[in-house]
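>>> Got a predicted model here, sequence first, then my questions.
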Amino acid sequence: MPEWSLPDDARRAAEAIRHADIVIGIPSFNNARTIGHVVRAVYAGLAKYFPQLAAVVINSDGGSTDNTLEAALSAQVEDQHLMLLSTPLHVVHRLSFPYHGIPGKGSAFRLVFQMAKQLDAKACAFVDSDLRSITPEWIDLLLRPVLAAGFDFVAPYYQRHKYDGTITNSIVYPLTRMLYGLSVRQPIGGEFGVSAPLIQRYLQHEDWDTDVARFGIDIWMTTIAIAENFRVCQSFLGAKLHDAKDPGSDLSAMLLQVVGSVFALMEEYAPVWSQRRGSTPAQLFGFRFDVGLDPIRVNVERMELAFRHGCEELGEIWSLALDAETFAAVRRLGLSLSRDGSSFHMDDDLWARVVLDFAYAYKLHPLSRGIILRSLAPLYLARVASFVRETETLGAASVEQKIEHLCLIFEKLKPELVERWNGRAARAEMSKTNLEV
């Protein structure tokens, strides 16, 4: 197990509390505006659904400069406003610590996992600190499948605006589903339930000092759970309303870290995913219902401009990262955008081939992974721009059908990827020169 110990303040708190059945983690960074609501919802959920269990709520903060910590510690729940079926038997402890190590969400998770292990908790749940739609029921839905049904990992399943979560919808969800054979709709959703055995497994991994400790922690957790055959399910949480961003804004750092984590995990678990075919849906808990969603404005022109600049500046890199036919198709797409933007369209087959080509290039050129991943950004924006134009007038159900179609295209192409990854193509292409960083 990697050498790592709790910070002194967290260790002293764990020694004082001694034991908890449930640990709730709330990672934060400058979330003073929303974290109070999140803490109140967590407290209400614990009081209503798990009154007989001892619980600890931990705010693991990344160095907020607003009053996030104060807001987390001062949030109050008025018991008389709660309709409880029984009186809570245990006090819920509330703690807030700055985490140590590499800046990023993963370091926050590590602190909470270590606290859960130290307290011998039966289950742990995480919720994001920027949530505006969290309800007390979320705590039940994230924890009960672990505590009552023997699941090890509970992923969120919620409705989002059609242009919220574009990295998930266009890359992470279809690629993870194709690779590991289990359909988990929100593999980087931010809300999770985790069993004690899976917490122990996470802490045994040696990835905590890598880039996974930034944006990649969510997909890292999901992938390990699926690839290593832990019991995985989903819980329907309704709407996810949070501080969403225009997909055309600068998401390059997030794209770099999330997709880089997916590609790195592909290397680690290649013996697993190369043997799996097709996909099955993970079991879903909770009652599904339609919800209202906040609109998200997108700047299609800015995304198309980024792709146009990519065509002008990144052709040499793309020619090495992409298969010859895929590269030719991308060039034709760039020409079509130059002539008439209204007819611009990147179809599912081309986009899936782009992603799989980049995954293979990531493996093939270990010294040049940074430049490879950065060059994917304009292609990703081209795909999102095309998707927005195609779905402007469509409702949520129709958009979900289109995402399902994309997933099936990825699955159709998997045999080609496996052959390329493990077969003659890999040896033949090793003669390619590494890209200049």
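Good, I have the coordinates. Numbering: from 1, shown residues only.
>>> Give me the domain ranges for the protein.
What automatic domain parsing lists as the domains of the chain is 8-285, 300-417.
>>> end to end, how far does the first one reach?
Chord length of domain 8-285, first to last residue, is 39 Å (C-alpha to C-alpha, to the nearest Å).
>>> same question for it, mean pLDDT?
For domain 8-285, mean pLDDT is 87.
>>> where's the most centrally placed residue in the chain relative to Val258, distance?
Centroid check for the chain by C-alpha atoms, centre = their mean gives Ile188 as the closest residue, at 1.4 Å. With distances taken as C-beta to C-beta, to the nearest Å, Ile188 is found 6 Å from Val258. Heads up, the C-betas are built off the backbone N, CA and C, glycines and all.
>>> what sits in contact with each of those two?
By C-beta atoms under 8 Å, 6 or more residues apart in numbering, Ile188 and Val258 have these common neighbours: Ile167, Val172, Ile219.
>>> Mean neighbour count, the domains of the chain: which tops it?
Highest mean neighbour count among the domains of the chain (mean count of other C-beta atoms under 10 Å): domain 8-285, with a mean of 20.
>>> returning to that earlier point: residue contacts, the residue nearest to the centre of the chain?
Contacts of Ile188 (C-beta under 8 Å, 6+ apart): Ile167, Thr168, Val172, Asp218, Ile219, Thr222, Val258.
>>> so which strand or helix has the last one?
Here Val258 is covered by helix 252-268, with elements defined by DSSP states H and E.
>>> ok so His37 is a helix residue?
Yes - assessed by DSSP: H, G, I helix; E, B strand; the rest coil, His37 belongs to a helix.
>>> distance of it from Pro136?
His37 is 11 Å from Pro136, by C-beta to C-beta.
>>> cool, Gln200 as well?
Gln200 is 28 Å from Pro136, by C-beta to C-beta.
>>> and if you look at Thr326?
48 Å.
>>> does Arg94 count as helix, strand or coil?
strand.
>>> my read: it touches Leu46, true?
No - between Arg94 and Leu46 there is no contact under C-beta atoms under 8 Å: 10.7 Å.
>>> overlap in contacts of the two?
With C-beta under 8 Å, 6+ apart as the test, Arg94 and Leu46 both reach Val57.
>>> Now tabulate the contacts of Ile188 in JSON lines and tack on distance to Gly63 and secondary structure.
As requested, the contacts of Ile188 are exported to JSON lines (distance: C-beta to C-beta, whole Å; DSSP: H, G, I helix; E, B strand; the rest coil):
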{"residue": "Ile167", "distance to Gly63": "25", "secondary structure": "helix"}
{"residue": "Thr168", "distance to Gly63": "27", "secondary structure": "helix"}
{"residue": "Val172", "distance to Gly63": "27", "secondary structure": "helix"}
{"residue": "Asp218", "distance to Gly63": "20", "secondary structure": "helix"}
{"residue": "Ile219", "distance to Gly63": "24", "secondary structure": "helix"}
{"residue": "Thr222", "distance to Gly63": "26", "secondary structure": "helix"}
{"residue": "Val258", "distance to Gly63": "22", "secondary structure": "helix"}
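>>> Pipe those into a markdown table and attach distance to Gln118 per row.
Output for the contacts of Ile188, formatted as a markdown table (distance: C-beta to C-beta, whole Å):
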| residue | distance to Gln118 |
| --- | --- |
| Ile167 | 34 |
| Thr168 | 33 |
| Val172 | 32 |
| Asp218 | 23 |
| Ile219 | 26 |
| Thr222 | 24 |
| Val258 | 30 |
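>>> In the chain, what residue spans correspond to strands?
Applying DSSP state E to the chain gives strands spanning 22-28, 55-61, 92-98, 123-126, 153-159, 182-183, 192-195, 232-239, 280-281, 283-285.
>>> Direction included, what does the longest one pair against?
Each strand paired with strand 232-239, and its direction, by DSSP bridges: strand 153-159 (parallel), strand 283-285 (parallel).
>>> Put together CSV for these, with distance to Lys402 on each row.
Output for the strands paired with strand 232-239, formatted as CSV (distance: least, C-beta to C-beta, whole Å):
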stretch, distance to Lys402
strand 153-159, 16
strand 283-285, 21
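>>> Please name whichever of these is nearest to Ser195.
The closest of the strands paired with strand 232-239 to Ser195 is strand 153-159. By C-beta to C-beta, the value is 7.3 Å.
>>> Using CSV, list the CA coordinates for the closest one.
Output of strand 153-159 as CSV, limited to C-alpha atoms (Å, rounded to 0.1, in the frame of the first residue of the first chain):
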residue,chain,number,x,y,z
PHE,A,153,-20.2,1.2,-6.3
VAL,A,154,-23.2,3.4,-6.9
ALA,A,155,-23.0,5.8,-9.9
PRO,A,156,-25.5,8.7,-10.4
TYR,A,157,-28.1,8.6,-13.1
TYR,A,158,-29.7,11.9,-13.6
GLN,A,159,-31.2,14.1,-16.3
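>>> about what we covered before: of all the contacts of Ile188, which two lie farthest apart?
Farthest pair in the contacts of Ile188, by C-beta to C-beta: Ile167 and Thr222, 13.9 Å.
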